[in-house]
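Visitor: Attaching a predicted model along with its sequence, questions to come.
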Amino acid sequence: MGVEVFLNDTDLCDGSKSGMYSPEYNVIMICQDDRIETSDQEVEWTENDYDTLRHESHHVVQDCMEGIDNEKMSSFFSDRIEHLEFVVLSLTKSEFFQITDSYRLFDNNIILNELEAFATAKDVKPDTISKALRGVCEK
């Protein structure tokens, strides 16, 4: 897909995040829960690690919606109502407000993309995310 994946990078995994996707560099970073802080070695995956991988993979899908090499990310849903329905049906009220509070300093598009990625990680099967990656991202 043109995305590089890093696991347990000792510089980027500082304890403040589980993972990230950079549309600027087309890079996914996964920071495993049980990693050894001084090592980039893979350890046994937790459910949260898999959740993070699903979340960050959905950000790749969002990036591919606009074309992966332009640093822009868009919702998978072209219709705002579909987007809202998906998020509301997937996330609890508490989760919704926790996410929006965590990203309150970012613009609305980033918040919408984060809500969608959290909802996807929670409710969409990995093989469906994989199909979306192939369908939207393959050139």
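Guide: In hand now; what should we look at?
Visitor: what's next to the longest helix along the chain, contact-wise?
Guide: Scanning the chain for the longest helix, with DSSP state H as the assignment, gives helix 47-66. If you take C-beta atoms under 8 Å, 6 or more residues apart in numbering as the criterion, helix 47-66 is touched by 1, 3, 18-21, 23, 26, 28-33, 68, 72-76, 113, 116-118, 120-122, 124, 126, 129-130, 132-133, 136-137. Every residue, glycine included, has its C-beta placed from N, CA and C.
Visitor: Make a PyMOL selection of whichever of those residues turn out to be buried.
Guide: The buried subset of these, as determined by 16 or more other C-beta atoms under 10 Å, is captured in PyMOL by this line:
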select buried, resi 1+3+18+19+20+21+23+26+28+29+30+31+32+68+73+74+75+76+113+116+117+118+120+121+124+129+132+133+136+137
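Visitor: Okay, and which of the contacts of helix 47-66 map to helices?
Guide: Among these, the ones falling in helices (DSSP H) are 113, 116-118, 120-122, 126, 129-130, 132-133, 136-137.
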